[in-house]
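**Student:** Model the structure of this input:
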Amino acid sequence: MRGPRRSAESGQALPLALATAAVLLLGVVSLFVLGRAQLAVAQAQTAADLAALSAGRELSARFGEAALAPASAAGLWRERLGEVAQRSATPAGARVESLRFPDRAWPPAGVEVVVSVPGPRGTRARATARAGFAVPALAGGGPTGWATGGGYSGPLLYRDGKPMCPAVAAAYDLMDAAARADGVDLVVVSG
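**Tutor:** Okay, the predicted model is just below:
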């Protein structure tokens, strides 16, 4: 009698073993999907960082042009910097979803970029990054910080130790570069 009873007990263990195997398989698949999601988030953040740095470098290199442009040209500058950011994000398989100037000041001293990359099962992972450059007067770190009265009240930049508005400082930088190319040293002299 022991023979038939033994096979009945081993038959009862089979569904339990199959259920345990199914739960383990489901856990492994879940960990795999979560791992791919984490990888997509990391890739998105890397692409966002790179895109923001590229746009921030372009903005820094072209700050003089931006400062001379009217604030109404902000859309054109966002588009231009967005193209630079997209060129940096494309090799990572990312797309730039938005680019904005976080300070809302003109001229801008930084950018904020949002990118997305494909994630598992048709999802997209998004990440945000900011980049820019420090302008002491814009950050309030200059000796006077902000001009008041006299028709202009805003941030000051310093050239040759003299305070001036960012647009004038940008024009000064362009004149200084042209003068240096001709072998002339340009200096601001107060009168």
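**Student:** What residues sit buried inside the helix or strand encompassing Arg78?
**Tutor:** In the assignment (DSSP states H and E), Arg78 maps to helix 74-89. Burial within helix 74-89, assessed by neighbour count using 16 or more other CB atoms under 10 Å, is assigned to Ala74, Trp77, Arg78, Arg80, Leu81, Gly82, Val84, Ala85, Gln86, Ser88, Ala89. Yep, even glycine has a C-beta here, placed from its N, CA and C like the rest.
**Student:** now for the next helix or strand after it, which elements pack on it?
**Tutor:** Toward the C-terminal end, the helix or strand that comes next after helix 74-89 (DSSP H and E) is strand 95-100. Contacts defined by 3 or more CB pairs under 8 Å, 6 or more residues apart in numbering; DSSP states H and E place strand 95-100 against helix 74-89, strand 110-118.
**Student:** ok, 10 Å please
**Tutor:** Packed against strand 95-100 by the contact rule (3 or more CB pairs under 10 Å, 6 or more residues apart in numbering; DSSP states H and E) you find helix 2-61, helix 74-89, strand 110-118, strand 124-132.
**Student:** Highest mean neighbour count out of these?
**Tutor:** Per-stretch averages of neighbours, counted by mean count of other CB atoms under 10 Å, single out strand 110-118 among the helices and strands packed on strand 95-100, with a mean of 23.
**Student:** CA atoms of that one as PDB?
**Tutor:** Taking Å, rounded to 0.1, in the frame of the first residue of the first chain, the C-alpha atoms of strand 110-118 are listed here in PDB:
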ATOM      1  CA  GLY A 110      21.900  79.400 -18.700                       C
ATOM      2  CA  VAL A 111      19.600  76.800 -20.300                       C
ATOM      3  CA  GLU A 112      17.400  74.000 -19.100                       C
ATOM      4  CA  VAL A 113      17.000  71.000 -21.400                       C
ATOM      5  CA  VAL A 114      14.500  68.200 -21.200                       C
ATOM      6  CA  VAL A 115      15.300  65.000 -23.200                       C
ATOM      7  CA  SER A 116      13.700  61.600 -23.500                       C
ATOM      8  CA  VAL A 117      15.000  58.200 -24.600                       C
ATOM      9  CA  PRO A 118      13.100  55.000 -25.500                       C
END
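**Student:** quick one: that strand to strand 124-132, angle?
**Tutor:** Here strand 110-118 runs at an angle of 160 degrees relative to strand 124-132 (axes from the mean of the first three to the mean of the last three CA atoms, to 10 degrees).
**Student:** helix or strand right after the helix or strand of the chain with the lowest mean pLDDT?
**Tutor:** Of all the helices and strands that make up the chain, strand 157-159 has the lowest average by mean pLDDT, DSSP states H and E, namely a mean of 72. The first helix or strand that comes after strand 157-159 along the chain, using DSSP H and E, is strand 162-164.
**Student:** mind listing what's buried in that next one?
**Tutor:** Within strand 162-164, the residues that qualify as buried are Pro163, Met164, counting by 16+ other CB under 10 Å.
**Student:** Surely Val187 is in a helix?
**Tutor:** No: counting by DSSP: H, G, I helix; E, B strand; the rest coil, Val187 is not found in a helix; it is coil.
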